[in-house]
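Peer 1: No sequence on hand, only this structure:
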């Protein structure tokens, strides 16, 4: 029986899976967004979010712990210098998974996994929300347009006199 064994093995051995998740985490940190299958993205989310939380505290011990998982000093430097500056105040949920449909060859579910604060399109949508237009505002706009020429005509008559 497999009670309480919810870990997705992704059809790989333990060492292959660890190496794959390490490489994917380095790519995510360097490029801020990667395109992969949904199962791998969900496994990567569980792998990389504790590393980002660990990187909030910039000590030698936390750097060594993160490096032991990533094995890439450039990714570790990027994580501790740039990424933590941007998402340091966030209490969790550092990644976002956006599903893109199925792959053409084998019909695997595909998605983007990205760091949350690095998608400029999503940030623009949240900051620039417009107020919903109502009929009243439209009537006011048409009333102002009809009144405006009358005001201009009176000023032209005054200059002509």
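Peer 2: Great, that's in hand. As the structure is a computational prediction, the values presented were derived from the model and not from experiment.
Peer 1: Would you indicate which residues of the host helix or strand of residue 69 are buried?
Peer 2: Assigned by DSSP states H and E, residue 69 belongs to helix 60-70. Burial within helix 60-70, assessed by neighbour count using 16 or more other C-beta atoms under 10 Å, is assigned to 62, 63, 66, 67, 69, 70. (C-beta placed from N, C-alpha, C; glycine too.)
Peer 1: Could you do stretch 39-54 as well?
Peer 2: Of the residues in stretch 39-54, those with enough neighbours to count as buried (16+ other C-beta under 10 Å) are 40, 41, 42, 43, 44, 45, 47, 48, 51, 52, 54.
Peer 1: Now tell me what touches it from outside.
Peer 2: Contacts of stretch 39-54 from elsewhere in the structure, counted by C-beta atoms under 8 Å, 6 or more residues apart in numbering, are 8, 10, 17, 20-21, 24-25, 28-29, 36, 62, 65-66, 69-70, 79, 83-84, 87, 92-95, 97, 109, 111-113.
Peer 1: hmm, try it at 6 Å
Peer 2: Contacts to stretch 39-54, defined as C-beta atoms under 6 Å, 6 or more residues apart in numbering, come from residues 8, 21, 24-25, 62, 65-66, 69, 94-95, 97, 111, 113.
Peer 1: tell me which of those is nearest to residue 104?
Peer 2: Relative to residue 104, the closest of these is residue 111; by C-beta to C-beta it sits at 14.9 Å.
Peer 1: In this structure that closest one contacts residue 99, no?
Peer 2: Yes: applying C-beta atoms under 6 Å, one finds residue 111 in contact with residue 99, separated by 4.6 Å.
Peer 1: So for those two, which sits in the more crowded spot?
Peer 2: Neighbours of residue 111 and residue 99, each counted by other C-beta atoms under 10 Å, are more numerous for residue 111; the result is 20 against 11.
Peer 1: wait, what's in contact with the more buried one?
Peer 2: Contacts of residue 111 by C-beta under 6 Å, 6+ apart are 38, 41, 97, 98, 99, 100.
Peer 1: which residues touch the residue lying closest to the second one once chain neighbours are set aside?
Peer 2: Right, residue 41. Distances taken as C-beta to C-beta, 6 or more residues apart in numbering place residue 113 nearest to residue 41, at 4.2 Å, with adjacent residues excluded. Taking C-beta under 6 Å, 6+ apart as the criterion, residue 113 is in contact with 34, 41, 95, 97.
Peer 1: does residue 113 sit in a helix, a strand or a coil?
Peer 2: Assigned by DSSP: H, G, I helix; E, B strand; the rest coil, the conformation of residue 113 is strand.
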